[in-house]
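A.B. asks: structure for the following, please:
(chains A, B, C and D)
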There are 2 protein chains.
Amino acid sequence: MNFFEQTGKVAIGSRLRMLTDKVTEDAAQIYKLYNIDMQPKWFPVFYSLAQGEEKTITELAKDIGHSHPSVSKIISEMLKKGYVKESKDKTDGRRNLVSLSKKGIAISKEIEDQLIDVNAAVEEISAQSQNKLWEAIGEWEFLLEQKTLLRRVMEKKKERDSLKVEIVDYQAKYQEAFRALNVEWISHYFTMEESDYKALDNPQGYILDKGGYILVALYEGEPMGVCALIKMNDGEYDFELAKMAVSPKAQGKNVGFLLANAIVEKAKSLGASKIYLESNTILKPAINLYHKLGFQKVAGKPTPYTRCNIQMELVVK
Amino acid sequence: MNFFEQTGKVAIGSRLRMLTDKVTEDAAQIYKLYNIDMQPKWFPVFYSLAQGEEKTITELAKDIGHSHPSVSKIISEMLKKGYVKESKDKTDGRRNLVSLSKKGIAISKEIEDQLIDVNAAVEEISAQSQNKLWEAIGEWEFLLEQKTLLRRVMEKKKERDSLKVEIVDYQAKYQEAFRALNVEWISHYFTMEESDYKALDNPQGYILDKGGYILVALYEGEPMGVCALIKMNDGEYDFELAKMAVSPKAQGKNVGFLLANAIVEKAKSLGASKIYLESNTILKPAINLYHKLGFQKVAGKPTPYTRCNIQMELVVK
DNA sequence: ATTAATTACGTAATCAGTTACGCAAATATA
DNA sequence: TATATTTGCGTAACTGATTACGTAATTAAT
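C.D. replies: Purely as a prediction, here's the structure:
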């Protein structure tokens, strides 16, 4: 099994499958050894029924962790051997009640010795191992239950991608990106408005020169997100967080969070005490992001944008 | 997964399979996450080829531990995607040399980040576990390589069966069993001879009264094996080990060994210094057994049995 | 130089599971 | 009470592997 030492743990799936195959391989022979006319795959169903109670197909499936068609097929095979009997539930015509037949019960007696010996054999292997396979599986089952492998990988990817994201100050060379990224999402969800063009066509004059600020997120050198802090003069708020845009190409790379976080930090460093923003509730991920950063819903502020249906503020600590 | 806590470790195969499924389940999604157009099952082949060398189908199969038809199919799928190229070996027309195409090499670059993240995710799970799954699998692979599960179970069965075998002194009530068990194997392999009947019809007079001995192996109370020690008067040997018979029903229960061992011990306790026996080389398991007990081949003794083609002796220590 | 045995590998059939789908019965909802 | 939804479960198709088998090429033995 040198191969797996090379590939590293990415191949844990393949390696598990091969061990499974090897362990399973002998199972049929073992039944033969004890003169028991049974297929290994029947075992979980058989064991579950051997507890004595009648069970439906679905109950069995849930019990042993298979899909119901799998149980359905196994039961029909066991039925052919005469190991189980079926009976319709009188109060619920859909349910197919299954239980061991006399022959099945006889087999369950015969099988006891085999279970003892296989158990002893597995224990022997365990005793010769440093790492306990049985317990390790239990732990993996638990940990995967809590968070799937996919989710864990997604987190790792995000972590790694975050390291590649660089937040830099606006420069004239980013004007085109600043415009394009915003036009992209605004015209996708809404329509461009007069005030959009003002800011996007002339960020220098409309935002920076008025005491505002713009940050750009670079991913591998390319601008993938932008965000502006527009100076407000209403006595209540210091800045408006606006013109936030992240390229769909950079999704899942945490760009939005890093950018928004950086802009809030920037506002703080500029001595802001309250930040305002306008958005629309159909932009769920954005609203979630603002919420995560501490923004709270407020109302009552007049706005030039027709697309605005939610207003939020952040009290800077 | 409460079910497996009930069944005990007999169900290790089923439990392994389910964990394998759960781990594998996410694999396809993970490739999608990285925008890599590849099937999880291709990975081992892909990885093996990414080492750079051209390989044949059979080499790949050996490398990754699959059957060759499996590799054959995978290669034909990868070929369709343009990830590999084939070329006939010029010096051996049977061999199909496979290597990554340019497109394949490009993919192998793209996949690197994914490998890093999956590895990190698996490491994270490992770090949260007491028992290391990866290492545990390695140990199981090693231990099963040395001795398969089937063989281990067989040993456990033999051990347990041995406990049920009881070796007792001959009594008149066992005469029928003594006769029947011997007639069974003698007439199966050879034909009954005059001297057989003498001993089997009258063990009391022919064996015991002349200073011989008979032991009976009981399995769950039933006589399943017999063995006699016949007094010899030739000056060289004290006893002949003879009329050893074990029911085919009791095969694999160690009855033969326990019986022969007991009869040798009995001979010892009777002060014997040399034991003799006659047999036939077609009775392989019997010869092996005698050998295991320390009997050595000798020659030259006259015998009344035509079926005898090997003579052995044991020098009692 | 034949003939026999071995090797490489493709195709077909099988296996133990899955998902997809559909029907009928039961339950919830308007 | 009519209608929609959910549930139980059987059938069919698919999946990722296997073993079985056949054929062609090579190698070994006579």
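A.B. asks: from now on I want contacts and neighbour counts done on CA atoms only, so please keep to that.
C.D. replies: Noted.
A.B. asks: quick one, helices of the stretch 201-317 of chain A?
C.D. replies: With DSSP state H, counting those that start in this stretch as the criterion, the stretch 201-317 of chain A has helices at A:203, A:255-269, A:284-293.
A.B. asks: can you tell me which of the ones you listed is most buried?
C.D. replies: Comparing the helices of the stretch 201-317 of chain A by mean neighbour count (mean count of other CA atoms under 10 Å in any protein chain shown), helix A:203 ranks first with a mean of 22.
A.B. asks: measure the closest residue to residue A:89 other than its chain neighbours to residue A:67 for me?
C.D. replies: Among residues not flanking residue A:89 along the chain, residue A:95 sits closest, at 5.5 Å (CA to CA, 6 or more residues apart in numbering or on different chains). Per CA to CA, to the nearest Å, residue A:95 is found 16 Å from residue A:67.
A.B. asks: which element, helix or strand, includes the most centrally placed residue in chain A?
C.D. replies: The residue lying closest to the centre of chain A (CA atoms, centre = their mean) is residue A:151, at 3.7 Å. Element membership for residue A:151, per DSSP states H and E: helix A:149-164.
A.B. asks: show me what that helix packs onto, helices and strands only.
C.D. replies: helix B:27-33, helix B:102-127 (3 or more CA pairs under 8 Å, 6 or more residues apart in numbering or on different chains; DSSP states H and E).
A.B. asks: try 10 Å this time
C.D. replies: helix A:133-146, strand A:213-219, helix A:255-269, helix B:12-25, helix B:27-33, helix B:102-127 (3 or more CA pairs under 10 Å, 6 or more residues apart in numbering or on different chains; DSSP states H and E).
A.B. asks: give the buried residues for the longest one.
C.D. replies: It refers to helix B:102-127. With burial defined by 16 or more other CA atoms under 10 Å in any protein chain shown, the residues of helix B:102-127 counted as buried are B:104-105, B:107-108, B:111, B:114-123, B:125-126.
A.B. asks: that one to helix A:12-25, inter-axis angle?
C.D. replies: 70 degrees (axes from the mean of the first three to the mean of the last three CA atoms, to 10 degrees).
A.B. asks: what kind of secondary structure is the residue of chain A found nearest DNA strand C in?
C.D. replies: DNA strand C sits closest to residue A:92 of chain A, with a gap of 3.2 Å, by CA to the nearest atom of the strand. For residue A:92, the assignment made with DSSP: H, G, I helix; E, B strand; the rest coil gives coil.
A.B. asks: mind listing what's buried in stretch A:80-90?
C.D. replies: Those would be A:83, A:84, A:85, A:86, for stretch A:80-90 by 16+ other CA under 10 Å.
A.B. asks: so the second one sits against residue A:108, correct?
C.D. replies: No - because the distance of 11.5 Å does not satisfy CA atoms under 10 Å, residue A:84 is recorded as not touching residue A:108.
A.B. asks: show me the buried residues of stretch A:80-90 that map onto strands.
C.D. replies: Assigned to strands by DSSP state E, the following of these qualify: A:84, A:85, A:86.
A.B. asks: next, the contact list for the first one, please.
C.D. replies: Pointing back at residue A:84 there. A:46, A:49, A:75-78, A:98-105 (CA atoms under 10 Å, 6 or more residues apart in numbering or on different chains).
A.B. asks: in TSV: the residues you listed, plus distance to residue B:63 and pLDDT.
C.D. replies: Below are these laid out as TSV (distance: CA to CA, whole Å; pLDDT from 0 to 100):
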residue	distance to residue B:63	pLDDT
A:46	38	94
A:49	42	93
A:75	39	94
A:76	40	94
A:77	38	93
A:78	39	93
A:98	46	94
A:99	46	93
A:100	45	93
A:101	48	93
A:102	49	94
A:103	46	94
A:104	44	93
A:105	46	93
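A.B. asks: which one (most neighbours) among those residues?
C.D. replies: Neighbour counts for the contacts of residue A:84 (other CA atoms under 10 Å in any protein chain shown) peak at residue A:100, which has 26 neighbours.
A.B. asks: need the contact list for whichever residue of the stretch 201-317 of chain A sits closest to DNA strand D.
C.D. replies: Of all residues in the stretch 201-317 of chain A, residue A:282 sits closest to DNA strand D, at 24.2 Å by CA to the nearest atom of the strand. For residue A:282, the contacting residues are A:189, A:309, by CA under 10 Å, 6+ apart.
A.B. asks: go on, residue A:41?
C.D. replies: Contacts for residue A:41 (CA under 10 Å, 6+ apart) come out as A:24, A:27, A:28, A:70, A:71, A:74, B:13, B:14.
A.B. asks: from residue B:176, how far off is it?
C.D. replies: Distance, residue A:41 to residue B:176, using CA to CA: 44 Å.
A.B. asks: go ahead and confirm residue A:261 touches residue A:290.
C.D. replies: Yes - the criterion here is CA under 10 Å, and residue A:261 meets it with residue A:290 at 9.5 Å.
A.B. asks: which bits of chain A sit near DNA strand D?
C.D. replies: Applying CA under 7 Å from any atom of the strand, one finds that chain A approaches DNA strand D through A:14, A:56-59, A:68-69, A:72-73, A:94-97.
A.B. asks: of those residues, select the buried ones using a PyMOL command.
C.D. replies: Listed next is the PyMOL selection for buried residues among those, using 16+ other CA under 10 Å:
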select buried, chain A and resi 14+56+57+58+68+72+96+97
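A.B. asks: okay, who's weakest in the residues of chain A next to DNA strand D by pLDDT?
C.D. replies: Here the lowest pLDDT out of the residues of chain A next to DNA strand D sits on residue A:94, with 85.
A.B. asks: what helices or strands is the one helix or strand residue A:197 maps to leaning on?
C.D. replies: In this structure, residue A:197 sits in helix A:194-201 according to DSSP H and E. Helix A:194-201 sits against helix A:175-189, strand A:239-246, with contacts defined as 3+ CA pairs under 10 Å, 6+ apart.
A.B. asks: once you drop chain neighbours, what's closest to residue A:178?
C.D. replies: Using CA to CA, 6+ apart and skipping residues adjacent in sequence, the residue nearest residue A:178 is residue A:226, 6.1 Å away.
A.B. asks: count the neighbours of the one you found for me.
C.D. replies: Counted with other CA under 10 Å, residue A:226 comes out at 31.
A.B. asks: for it, give me its contacts.
C.D. replies: A:167-170, A:174, A:177-179, A:181-182, A:214-218, A:242-247, A:255-256, A:259-260, A:263.
A.B. asks: 6 Å instead?
C.D. replies: A:215, A:216, A:244, A:245 (CA atoms under 6 Å, 6 or more residues apart in numbering or on different chains).
A.B. asks: near chain B, which residues of the stretch 51-200 of chain A show up?
C.D. replies: The stretch 51-200 of chain A has residues A:117-119, A:121, A:131-133, A:136, A:150, A:152-153, A:156-157 near chain B, with proximity defined as CA under 6 Å from any CA of the partner chain.
A.B. asks: for residue A:20, state which of these is nearest.
C.D. replies: For those, the residue nearest residue A:20 by CA to CA is residue A:133; the value is 11.9 Å.
A.B. asks: now for that closest one: which residues touch it?
C.D. replies: residue B:136 are the contacts of residue A:133 under CA under 6 Å, 6+ apart.
A.B. asks: could you report the pLDDT at it?
C.D. replies: 93.
A.B. asks: how about residue A:108, nearest residue that isn't a chain neighbour?
C.D. replies: Per CA to CA, 6+ apart, closest to residue A:108 is residue A:50, 6.8 Å.
A.B. asks: any idea how far residue A:99 is from that neighbour?
C.D. replies: 8 Å.
A.B. asks: swap in residue A:155?
C.D. replies: 46 Å.
A.B. asks: residue A:61 now?
C.D. replies: Distance from residue A:61 to residue A:99, by CA to CA: 14 Å.
A.B. asks: between those two, what contacts are shared?
C.D. replies: Looking at what touches both residue A:61 and residue A:99 (by CA under 6 Å, 6+ apart), there is no common residue.
A.B. asks: what about the stretch 51-200 of chain A, any weak spots by pLDDT?
C.D. replies: When residues are selected by pLDDT under 70, none of them lie in the stretch 51-200 of chain A.
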